[in-house]
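Asks: Got a sequence here, can you build the structure:
(2 chains)
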Amino acid sequence: MNNREKEQYLREYEVMKKKGKPFFPYAVMKDSVMACVVVGVIIFMSLYLGAEQGPKADPTTTTYVPRPEWYFFFLFELLRVIKPPELVPIATIGVPTIAMVLLLLLPFYDRNPERNPLKRPIASIAGIMTIIAMAFLTFLGANAGSPTDIEIDVAPEYEAGKLVAAQSGCLACHQFGENGNNGPGPKLTEIGARLNPAAIARSLEIGPGIMPSYATMAEDEPEKFRDLVAFLASLNGEEEASTGEVGVAGSGSVESSGGNPAVVEPDAGSSADGAGATTDSGATP
Amino acid sequence: MRRPPKPGHSNGNGDAPAALENGDAPSPVTDNPGKRLTTGAKDAPADLVGWVDERMGATSFLTAMLMRKVPKGTNWFYTLGSATLFAFVVQAITGVFLAMYYTPSPVEAYASITHLTNDVFLGEFVRGMHKWGASVMVILVFVHMARTFFFGAYKYPRELNWVIGVVLLILTMVMGFTGYLLPFDQRSYWATIVGVNINGTGPIVGPYLSDFLRAGPEFGATTLSRFYAIHMLLVPGAIIAMIGAHLYLVVKMGTTAPPWMRADLKPKDARREPVEAIADGSANGASENGNAS
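Replies: Down below sits the predicted model:
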């Protein structure tokens, strides 16, 4: 806006303000009605939806559902949309940060003096697209179930490990055959063909990338942990043949690191830090 | 409301101090400025509002705030900001009550929530209000922001208030993230671990940020108290300060008129109401597209 446009805006605003009504009581009345609606809705939700208390947090058990509050679903879903492990930082930090900076600086790059949404189509369409994208991602996140059943057929000796995997929340982020969520983590249907048991165990203990570490399980319940590793190592993708889903985009990048059993973080041995900052999460189970 | 006169502003009436000292003339309020000062000063202890106002000048501030005009065409969309503020007030009040029963230690946190939910009078209700109030507040923040965006209300001269608003949005999300851990059930615990790990994937600052949130390399006992402190001391303080700045600018700049409303600027209006802030620009320029109402 140049000075002439600024001056005209201020002048017009002054006129419209003069023609307006006093804040009290007119705007105060509307605000009060709205405040009552807000409190009413909150009370209604509290009474009818309640405040459910889940089971107590226990680092040693592994039956958990790592799902955020619903208003973070769109961020969480971004991780599913942006699949390749090397792009994970872009999904987790890059896109949200860029979005925030764009939002923060909006008045400084949108210098069009026009305010009517119908007369600034680019801004309006961009805004509507943003809302649709966020709503869509939130919808996906809300519908991404957290099933606790794996239907892959395995040899009887791996059934115990399958149960552990099904109850340990793996399905929230990984897909086993037809079950589980395809992302943020890679598909595990043929993880055994790509990683040897030792690498799987190490990945579980470290928790590469955003994955939680299963080190507590390895310490406290070594049998369960062994079963889990054995089950994962037994998955060689033979089930895949029947479903015909071999080579989905998500697993392509993982295969690049396949065959290298020592794909773990370089500093994993010396550091207990399981954050797995920037490393190749190819070994993510 | 009657506004007590301010000492020293009585048109230079010389005998006012003397009248103050006398104090023996309880006369009703008259139109004489000197007399009004006398009675105002004398009656002050009995008139609490007047007493406070004489020392704060709050009445003129309140009058300016409440009686300021909002532009023509202001509609229900303009209540979203105050609704957000009100949702924050609900969160603050219910949060205080929750804090009375909550113990921010990994051992006792869950049990204190159970006690609050099951034993304390209206405990579950207040906790439910806090939990769902968070969702309502987040929705209102976003809707309020969408309104501001589509109405072009972030444009001159309100750019700074938009920036403050975005900071408030970020702070609200931080509240959502830190508050989610506090019930300390499985869901919140594991979701927070993933959330902290997500922060850790950020370039350069990521690992430091997640270390800061965890209070160390591993998710430990101090993590919960750290989240608790952030959730109920650090961020609420920042939010309150930011809301103060936000509201100050709203009152100072005025609320916008709906973007489809245009003032019918006639040249004589422009001349009668010169805008002093901008020296540049001609008065005639304002009338060029002033007929679009």
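Asks: A:Gly192 versus A:Ala199, what's the distance?
Replies: According to Cβ to Cβ, to the nearest Å, A:Ala199 stands 11 Å off from A:Gly192. (C-beta placed from N, C-alpha, C; glycine too.)
Asks: Compute the number of surrounding residues for residue 159.
Replies: No chain specified, so I'll use chain A. 13 (other Cβ atoms under 10 Å in any protein chain shown).
Asks: my bad, chain B
Replies: B:Glu159 has 16 nearby residues by other Cβ under 10 Å.
Asks: just checking, it touches A:Pro107?
Replies: Yes - shown here, B:Glu159 and A:Pro107 form a contact pair, counting by Cβ atoms under 8 Å, at 3.6 Å.
Asks: show me where pLDDT drops low in the stretch 1-150 of chain B?
Replies: Where the stretch 1-150 of chain B drops to pLDDT under 70, the residues are B:1-46.
Asks: where do the helices sit along it?
Replies: B:16-22, B:33-43, B:48-56, B:58-66, B:80-101, B:109-118, B:123-150 (DSSP state H, counting those that start in this stretch).
Asks: same question, the stretch 1-150 of chain A
Replies: Using DSSP H, counting those that start in this stretch, the helices of the stretch 1-150 of chain A run over A:3-19, A:28-49, A:73-81, A:88-89, A:95-104, A:106-109, A:121-143.
Asks: thinking B:Leu182 is in contact with B:Arg226, fair?
Replies: No - with contact defined as Cβ under 8 Å, B:Leu182 does not count as touching B:Arg226 (11.3 Å).
Asks: middle-most residue in chain A, spatially?
Replies: By Cα atoms, centre = their mean, chain A has its centre lying nearest to A:Phe76, at 1.5 Å.
Asks: excluding its backbone neighbours, what's nearest B:Val250?
Replies: Closest residue in space to B:Val250, ignoring its immediate chain neighbours: B:Asn161 at 6.7 Å, by Cβ to Cβ, 6 or more residues apart in numbering or on different chains.
Asks: since we're on that neighbour, how many residues are nearby?
Replies: 21.
Asks: hmm, back to that, wait, the residue nearest to the centre of chain A sits on A:Pro68?
Replies: Yes - when contacts are counted by Cβ under 8 Å, A:Phe76 is listed as touching A:Pro68 (5.5 Å).
Asks: So which of the helices of the stretch 1-150 of chain B is nearest A:Glu7?
Replies: Nearest of those to A:Glu7, taken as Cβ to Cβ: helix B:123-150 at 22.9 Å.
Asks: what's the following helix or strand after the closest one?
Replies: helix B:159-181 (DSSP states H and E).
Asks: and that next one, how far out from the chain's middle?
Replies: 13 Å (Cα atoms, centre = their mean, to the nearest Å).
Asks: what packs against that helix?
Replies: helix A:95-104, helix A:106-109, helix B:123-150, helix B:186-200, helix B:221-229, helix B:235-253 (3 or more Cβ pairs under 8 Å, 6 or more residues apart in numbering or on different chains; DSSP states H and E).
Asks: For those helices, could you give me a markdown table that also reports distance to A:His174?
Replies: Formatted as a markdown table, the helices and strands packed on helix B:159-181 follow (distance: least, Cβ to Cβ, whole Å):
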| stretch | distance to A:His174 |
| --- | --- |
| helix A:95-104 | 22 |
| helix A:106-109 | 38 |
| helix B:123-150 | 28 |
| helix B:186-200 | 13 |
| helix B:221-229 | 26 |
| helix B:235-253 | 33 |
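Asks: Determine which stretch of the ones you listed is the most buried.
Replies: Counting by mean count of other Cβ atoms under 10 Å in any protein chain shown, helix B:186-200 has the highest mean neighbour count of those, with a mean of 24.
Asks: Kindly export that one (C-alpha atoms) in PDB.
Replies: Extracted as PDB, the C-alpha positions of helix B:186-200 are listed here (Å, rounded to 0.1, in the frame of the first residue of the first chain):
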ATOM      1  CA  GLN B 186      -0.700 -44.500  28.200                       C
ATOM      2  CA  ARG B 187      -2.100 -42.500  25.300                       C
ATOM      3  CA  SER B 188      -0.700 -39.200  26.500                       C
ATOM      4  CA  TYR B 189       2.700 -40.700  27.500                       C
ATOM      5  CA  TRP B 190       3.400 -42.500  24.200                       C
ATOM      6  CA  ALA B 191       2.000 -39.700  22.100                       C
ATOM      7  CA  THR B 192       4.300 -37.200  23.800                       C
ATOM      8  CA  ILE B 193       7.300 -39.500  23.300                       C
ATOM      9  CA  VAL B 194       6.500 -39.500  19.600                       C
ATOM     10  CA  GLY B 195       5.900 -35.700  19.700                       C
ATOM     11  CA  VAL B 196       9.200 -35.000  21.400                       C
ATOM     12  CA  ASN B 197      11.000 -37.300  18.900                       C
ATOM     13  CA  ILE B 198       9.300 -35.400  16.100                       C
ATOM     14  CA  ASN B 199      10.800 -32.200  17.500                       C
ATOM     15  CA  GLY B 200      14.100 -34.000  17.600                       C
END
